[in-house]
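# starting from these lines, generate the structure:
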Amino acid sequence: MKAVLDILAPVVALVVALACAAFCAGAETGFFSLNRGRILYMAREGSKAAQVIEGALRDLARTIAGLLVGNNLAAVAFSVASAALAKSVLPDSLAARASWSVCAACAMLALGEFLPKLLCASRPMKWMLRLAGIYRWYSLIASPLATVATAVAALFGGGDDKARDRLTPDDLLGILRDRKNGVRLTDFESALIARIMVLRKKGEAVTAESLLSALDEPEAAEGR
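Predicted structure coming up:
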């Protein structure tokens with residue numbers, strides 16, 4: 001019985017650690033690859049998965065810190081479980097142990113890093129919406145570690161906290177394009193976005209006064 005447990009326990013730990021590493025690596029890439037404008041409007045329309053993702057994007061530094069900590073812990077757990085399993089099933093041979101270590105490292109790189117990052121980079125919206133439920137629970141579990149990691153990072157100088165809430169011109173264009181694909185934007189919202197794009201292109205400041213002219217455009221269109 002003890003011999004079976006000596007093999008079964010490391011195998012289970014290997015699978016769990018590999019799955020956790022794959023999730024953290026894929027989610028990290030997915031968050032950076034998402035179209036934030038689409039997520040914002042999907043969340044506004046009631047998508048629960050989009051609301052989870054949008055909440056994570058609100059504090060991206062903390063989100064990424066939690067995923068990086070989880071990824072590193074999973075890698076350490078995978079290494080420990082791999083060594084324990086090798087000790088149980090392999091002969092006391094340096095060549096056998098070295099070969100096992102190389103194979104384990106390749107498995108972690110391929111299945112725990114490269115493949116999940118490739119999937120989430122190629123189809124970020126699809127995969128992140130699928131992983132939203134898992135991330136919701138993961139964020140609750142990893143919250144203390146993310147807090148510590150963020151605090152430590154802040155000691156060495158954090159970035160501009162306000163920058164994480166800004167929409168880029170590409171995000172604004174994406175929102176306008178999504179109107180044709182079923183996202184419900186009002187005429188006023190579209191006029192505001194278009195007005196912001198025009199002001200930025202001209203190099204003018206985006207102020208409340210400069211945006212008020214967008215109010216007249218829908219009215220003028222209706223009058224015609």
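
# every contact and neighbour count from this point should use C-alpha atoms.
Will do.

# list the buried ones in the helix or strand containing residue 64?
Here residue 64 sits within helix 60-89, counting by DSSP states H and E. Residues of helix 60-89 classed as buried by neighbour count (16 or more other CA atoms under 10 Å): 60-71, 74-75, 77-79, 81-86.

# could you list every residue that touches residue 81?
If a contact means CA atoms under 8 Å, 6 or more residues apart in numbering, then residue 81 has 10-11, 13-14 as its contacts.

# circling back to that earlier point, can you tell me the average pLDDT over the helix holding residue 64?
Average pLDDT, helix 60-89: 92.

# may I have the phi/psi pair for residue 203?
phi 80, psi 20 (degrees, to the nearest 10).

# do the same with residue 47
Dihedral pair for residue 47: phi -70, psi 120, per degrees, to the nearest 10.

# that one and residue 134, how far apart?
15 Å (CA to CA, to the nearest Å).

# helix or strand: which one has the residue positioned nearest the centre of the chain?
Nearest to the mean C-alpha position of the chain, by CA atoms, centre = their mean, lies residue 31 at 2.6 Å. Using DSSP H and E, residue 31 sits within helix 2-33.

# how far does that helix sit from the chain's center?
The chain centroid and the centroid of helix 2-33 are separated by 18 Å, computed with CA atoms, centre = their mean, to the nearest Å.

# buried ones in it?
7, 10-11, 13-14, 17-31, 33.

# average pLDDT for it?
For helix 2-33, mean pLDDT is 90.

# what number of residues lie near residue 200?
Residues lying near residue 200 (other CA atoms under 10 Å) number 12.

# and it, how far from residue 59?
Per CA to CA, residue 200 is found 26 Å from residue 59.

# try residue 109
28 Å.

# what about the two, which has more around it?
Taking other CA under 10 Å, residue 109 and residue 59 do not tie; residue 109 has more neighbours (16 against 13).

# so which strand or helix has that one?
helix 94-109.

# can you list the domain ranges for the protein.
Per automatic domain parsing, the structural domains of the chain span 2-158, 169-223.

# pLDDT (mean, whole number) over the last one?
Okay, so that is domain 169-223. 62.

# wait, what's in contact with the closest residue to residue 149 other than its chain neighbours?
Nearest non-adjacent residue to residue 149, counting by CA to CA, 6 or more residues apart in numbering: residue 65, 6.1 Å away. Applying CA under 8 Å, 6+ apart, we find residue 65 in contact with 146, 149-150.

# distance of residue 65 from residue 52?
Distance of residue 65 to residue 52, given as CA to CA: 17 Å.

# now swap in residue 117 and tell me
In terms of CA to CA, residue 117 sits 20 Å off from residue 52.

# between the two, who's got more neighbours?
Each of residue 117 and residue 52 had its neighbours counted (other CA under 10 Å), and the higher figure belongs to residue 117 (22 against 19).

# you'd agree the more buried one is up against residue 24?
No - under the criterion of CA atoms under 8 Å, residue 117 makes no contact with residue 24, lying 9.3 Å away.

# now do the end-to-end distance for stretch 106-121.
21 Å.

# pLDDT on that stretch, on average?
95.

# quick one: buried residues of that stretch?
108-109, 112-113, 115-117, 120-121.

# ok, residues contacting that stretch?
Residues from elsewhere that reach stretch 106-121 (CA under 8 Å, 6+ apart): 18-19, 21-23, 25-27, 29-30, 33, 75, 127-128.
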